[in-house]
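*Asks:* Dropping a prediction and its sequence here:
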There are 2 protein chains.
Amino acid sequence: MGSVIEQTPLLPVAEGFPFLAGASAATRELVSTLPVRQVEPRRPVLHRGDAAEGVFLVVGGSLRVFYIAADGHEATLYRVRPGQTCILALTAAFRSEPYPAWVETEDEELSFVLVPGAMFRQLYNTEPTFRSFVFEVLSGRVFELMTRLEEVGSLRVEQRLAAFLLEAADANGEVAMSQARLAAHLGTAREVVFRALRTMSDARLVATSRGRVHLLDRAGLRRLHQLG
Amino acid sequence: MGSVIEQTPLLPVAEGFPFLAGASAATRELVSTLPVRQVEPRRPVLHRGDAAEGVFLVVGGSLRVFYIAADGHEATLYRVRPGQTCILALTAAFRSEPYPAWVETEDEELSFVLVPGAMFRQLYNTEPTFRSFVFEVLSGRVFELMTRLEEVGSLRVEQRLAAFLLEAADANGEVAMSQARLAAHLGTAREVVFRALRTMSDARLVATSRGRVHLLDRAGLRRLHQLG
DNA sequence: AGGCCTCTGGAACTTGAGTCACACTTCGAC
DNA sequence: GTCGAAGTGTGACTCAAGTTCCAGAGGCCT
């Protein structure tokens, strides 16, 4: 843990979390008392083995959940985006296993609401809309991890990179990441990312510049991802 | 548990699923109307893209959830054991994505109860014990998949095989699987499993015979798994 | 018996990707 | 403008693991 956490009360949490619209007035009241907090970009949030005292509702920015292998290399397991939640650190407290991963903020400042464990359980047991929210986040995560596992086991790095770029690109088709960060997401080495990008670049699928990748041919990247 | 009234098909279900003990009489009644069904060993249960009409509560035997890659090789994503449930095929219906994997029975005959979608939602919304059961299964699956993903990305096949053998062995330290089946679980080739087994065998960690692996040194296998 | 299928044992080759070493560029800070 | 840090570009090497191909053993059936 241990990062700079600033507090700003009451930002529009309801906008990002539709389940609140269907919730009772009492619940909306309850959640609105919770402060919206911030964490600076690129800061650690949880270390492996930590048990959080609550559940993170991400309002802005994003969290990256990743592992660090024995040899020091790291790889992203999944990312928590606005409107989603990171409940596992709490779950880890229920179960007796330690939380199996690290969590850090990404390139934007994170704003989030921390729902304490007791309140989480109360909401889960009383608000049908919150229940289906939790169910969707969890089952969506299972789907996502299954897909990731299949990709790691059956696609080449170049194909996985294509998939990652398609998912990470903004509306302009820009991915503002260094090759080293891309490598850390994919769990590979920087040089390997470079070679894959050169191939893609030669094929006019992307154009690269310092700290960014510009997607030139999304359909081509999608084809690269799917057929091996 | 009474002796006469509940000696229906419900009996084995209640034993395997503790959440029923804490449920209302109405719910126990409801679930007791569901037949316990069987599927023979090594049969397909769901194909990728299928949407199941309900949720499987596994009473006996086990399910194997796996993917098949473009080149035909397959790998196990996770296994559903007695007392657990496979809800994803139902979830796939809620979401508009197809179910991302295949499901088949393993070496024992499967017995299960199929809880229809509507009943599942009703139970989820009315029975606190069922809710926490679902929550635990889902979050446990997320943990499991995260661990698997880390292992695939950072361990050698030999280490993953050691982990798999430890988990799959019965009380006598026997794993009754051919090398081809082990390879299909790990997502690798039969020859690779053979080489790993030969190394382990040379190190007196296991002994092999046709269709089975006998664990000789569990502590040694654990060491092999962890340090690499 | 013979035949057939499954399974294990093994050599030889290929390849994707991780590692090492190093030069060059870009950019911000001082 | 200089300096250092961060980032990119590249060749050479290594290695785990996948591929190909085949020999022989073990079991089961008729």
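*Replies:* The structure has been received and is ready for your questions. Residues are numbered from 1 along each chain as shown, chains lettered A, B, ... in the order given.
*Asks:* Determine the number of other residues adjacent to residue A:128.
*Replies:* 13 (other Cβ atoms under 10 Å in any protein chain shown). Every residue, glycine included, has its C-beta placed from N, CA and C.
*Asks:* Equivalent analysis for residue A:49, please.
*Replies:* 12.
*Asks:* ditto for residue A:158
*Replies:* 17.
*Asks:* got a list of contacts for the helix or strand where it lies?
*Replies:* Per DSSP states H and E: residue A:158 is located in helix A:157-168. Contact with helix A:157-168 is made by A:151-152, A:155, A:175, A:177, A:182, A:185-186, A:188, A:192-193, A:196-197, A:199-200, A:205-206, A:213, A:215, A:218, A:221-222, A:224-225, A:228, as judged by Cβ atoms under 8 Å, 6 or more residues apart in numbering or on different chains.
*Asks:* Show me which of the residues you listed are buried.
*Replies:* A:151-152, A:155, A:175, A:177, A:182, A:185-186, A:188, A:192-193, A:196-197, A:200, A:205-206, A:213, A:215, A:221, A:224-225 (16 or more other Cβ atoms under 10 Å in any protein chain shown).
*Asks:* Quickly check: the longest helix along chain A near DNA strand C or not.
*Replies:* Ranked by number of residues, the top helix in chain A under DSSP state H is helix A:128-154. No. Against DNA strand C, helix A:128-154 shows no contacts by Cβ under 7 Å from any atom of the strand, the least distance being 9.4 Å.
*Asks:* List the buried residues in that helix.
*Replies:* For helix A:128-154, a neighbour-count test (16+ other Cβ under 10 Å) marks A:129-135, A:137-139, A:141-154 as buried.
*Asks:* tell me the domain ranges of chain A?
*Replies:* A:5-153, A:156-226 (automatic domain parsing).
*Asks:* rewinding a little: looking at the buried ones among the contacts of helix A:157-168, which are in strands?
*Replies:* Mapping the buried ones among the contacts of helix A:157-168 onto strands (DSSP state E) picks out A:175, A:206, A:213, A:215.
*Asks:* Would stretch A:98-115 count as contacting DNA strand C?
*Replies:* No. Counting by Cβ under 7 Å from any atom of the strand, DNA strand C is not contacted by stretch A:98-115; separation bottoms out at 14.9 Å.
*Asks:* how long is that stretch end to end?
*Replies:* Its start and end residues considered, stretch A:98-115 measures 20 Å (Cα to Cα, to the nearest Å).
*Asks:* Same question for stretch A:15-32.
*Replies:* Taking Cα to Cα, stretch A:15-32 runs 12 Å from one end to the other.
*Asks:* do it and chain B meet at all?
*Replies:* No. Shown here: stretch A:15-32 not in contact with chain B (Cβ under 8 Å from any Cβ of the partner chain), separated by at least 13.3 Å.
*Asks:* Could you list the contact residues of chain A toward DNA strand C?
*Replies:* A:71, A:73, A:156-158, A:187-189, A:191-192, A:210.
*Asks:* about what we covered before: generate CSV for the domains of chain A, with mean pLDDT and distance to residue B:170 as supplementary columns.
*Replies:* Converted to CSV, the domains of chain A look like this (pLDDT from 0 to 100; distance: least, Cβ to Cβ, whole Å):
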stretch, mean pLDDT, distance to residue B:170
domain A:5-153, 88, 24
domain A:156-226, 97, 34
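*Asks:* Close to DNA strand D: what parts of chain A are there?
*Replies:* Close to DNA strand D, as judged by Cβ under 7 Å from any atom of the strand, chain A has residues A:178-180, A:190-191, A:194-195, A:197-198, A:208, A:210-211.
*Asks:* one more time with 10 Å, if that's ok
*Replies:* A:153-154, A:176-183, A:189-195, A:197-198, A:201-202, A:207-213 (Cβ under 10 Å from any atom of the strand).
*Asks:* now residue A:85: how far from residue A:17?
*Replies:* Note on residue A:85: its distance to residue A:17, by Cβ to Cβ, to the nearest Å, is 9 Å.
*Asks:* now residue A:225
*Replies:* Per Cβ to Cβ, residue A:225 is found 31 Å from residue A:17.
*Asks:* again with residue A:188
*Replies:* 35 Å.
*Asks:* Could you do residue A:173 as well?
*Replies:* As judged by Cβ to Cβ, residue A:173 and residue A:17 stand 29 Å apart.
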